[in-house]
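Student: no sequence for this one, just the structure:
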């Protein structure tokens with residue numbers, strides 16, 4: 001039997017792990033996200049030079065990069081898993097843990113830091129019970145920081161679900177989070 005993992009010609013399609021499992025007759029229902037990823041892989045024709053585009057698609061589809069999907073990407077693009085992991089860990093935009101339902105990103109670039117970004121982070125940690133760089137236990141909020149969001153004239157800046165809160169104070173940021181539907185944890189905060 002010929003190897004199905006040869007370099008594809010234009011328009012050629014390779015069977016995915018899910019397709020192979022279905023052909024083997026395991027009968028399990030396919031996760032719709034698998035179909036979305038297969039569609040993306042077909043779109044880029046399984047080209048190794050589309051690695052970053054595929055990693056973005058995986059993160060958009062699943063919400064984060066997990067080891068199973070990273071291995072699938074390596075297999076489908078015929079790349080060593082170490083290269084896929086190396087690229088994924090190099091870029092700051094990729095995440096390896098699920099994010100919360102809502103995201104608060106505080107800019108910690110020079111202008112924002114000088115104007116009180118650390119106070120914004122401390123207020124969200126204290127009032128909403130989520131440590132910086134993590135997702136709250138109930139999965140409602142992730143508190144992140146970015147080195148620069150490109151809005152230095154509005155320093156300090158935070159993003160609440162992608163919406164800019166400029167010249168932010170702790171009260172302004174907490175109000176924006178409350179309006180987004182983020183409140184304190186039922187038990188009064190982090191344990």
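Tutor: Thanks, I have the structure now. Here the structure is a predicted model, which is why all the values come from computation and not from measurement.
Student: where exactly do the helices run in this protein?
Tutor: 17-23, 32-43, 51-62, 67-76, 81-90, 110-114, 117-128, 170-179 (DSSP state H).
Student: and those, which one averages the lowest pLDDT?
Tutor: Between the helices of the chain, the lowest average pLDDT goes to helix 17-23, which shows a mean of 42.
Student: and the chain, what are its domains?
Tutor: Domain assignment for the chain by automatic domain parsing gives 30-90, 102-179.
Student: for these, which one sits closest to residue 185?
Tutor: domain 102-179 (4.8 Å; C-beta to C-beta). Just so you know, the C-beta spots here come from the backbone N, C-alpha and C atoms, and that holds for glycine as well.
Student: before we move on, the earlier item: quick one: the helices of the chain as TSV, columns for mean neighbour count too.
Tutor: Converted to TSV, the helices of the chain look like this (neighbours: other C-beta atoms under 10 Å):
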stretch	mean neighbour count
helix 17-23	14
helix 32-43	16
helix 51-62	18
helix 67-76	18
helix 81-90	14
helix 110-114	16
helix 117-128	19
helix 170-179	17
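Student: now the ones you listed in TSV, with distance to residue 162?
Tutor: Putting the helices of the chain into TSV (distance: least, C-beta to C-beta, whole Å) gives the following:
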stretch	distance to residue 162
helix 17-23	31
helix 32-43	21
helix 51-62	14
helix 67-76	23
helix 81-90	22
helix 110-114	17
helix 117-128	16
helix 170-179	12
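Student: out of the ones you listed, flag the one nearest residue 155.
Tutor: helix 110-114 (4.0 Å).
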